[in-house]
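> I'll drop the sequence and a predicted model, then ask my questions.
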Amino acid sequence: MLLRALREDEKELLKDFLYEAIFIPEGVEPPAREIIELPELKIYYEDFGSGRADYCIVAEDEGRVIGAAWTRIMNDYGHVDDDTPSFAISLYKEYRGQGIGTKLMQAMLDLLQENGYKRASLAVQKANYAVRMYEKVGFRTVDENEEEYIMVCRL
């Protein structure tokens, strides 16, 4: 497995990974793929690469991109301020639980620190198993609502 920067010709993959990142509780029918066209979700990929904190690292296995971690400063669910990039991460289901997500997260946190960022944020549904991974790499809950934790990692 190789970790590398997202290439210009791979930006459309962010849509796939955004859809894969949607947490579906056990027994709940997945939403239609068109959900990623909603304004509150398009901000994760639309014009990616144009913002100062637009970074993406992908995991590649045997020539196939299998996961991605990306950041932007955007007014998303995990937004804490205009200087803190929001985090998104996603792996295809068959690659989860193998430590790849942790490696992607750590590589992205290192990249953000190298580029002068002091922290990163994200929002995660409380029932999502990924909460433990986020805590393992240094994210801490700073706020919450009925469904989600808002987490920040100091770099």
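Structure's in. What do you need? Residues are numbered from 1 along each chain as shown.

> Just give me the residue right at the centre of the protein.
Nearest to the centroid of the C-alpha atoms of the chain, with distances taken as CA atoms, centre = their mean, sits residue 88, at 1.2 Å.

> That residue touches residue 122, doesn't it?
Yes. Assessed by CB atoms under 8 Å, residue 88 is found in contact with residue 122 at 7.4 Å. The way it works is simple: take the backbone N, C-alpha and C, and place the C-beta from them, glycine included.

> between these two, what contacts are shared?
Shared contacts of residue 88 and residue 122 (CB atoms under 8 Å, 6 or more residues apart in numbering): none.

> Could you tell me whether the residue nearest to the centre of the chain really is in a strand?
Yes. Under DSSP: H, G, I helix; E, B strand; the rest coil, residue 88 sits within a strand.

> beta partners for it?
residue 70 (DSSP bridges).

> Can you list the buried residues in stretch 52-66?
53, 54, 55, 56, 57, 58, 59, 65, 66 (16 or more other CB atoms under 10 Å).

> What of stretch 132-147?
Buried residues in stretch 132-147 (16+ other CB under 10 Å): 133, 134, 137, 138, 139.

> how about residue 151, what does it touch?
Counted by CB under 8 Å, 6+ apart, residue 151 has contacts 78, 121, 122, 123, 124, 134, 135, 139, 140, 141, 142.

> Hmm, residue 25 is touching residue 127, no?
Yes. Because the distance of 5.8 Å satisfies CB under 8 Å, residue 25 is recorded as touching residue 127.

> between the two, which one's more packed in?
residue 127 (11 against 8; other CB atoms under 10 Å).

> Done for today, thanks.
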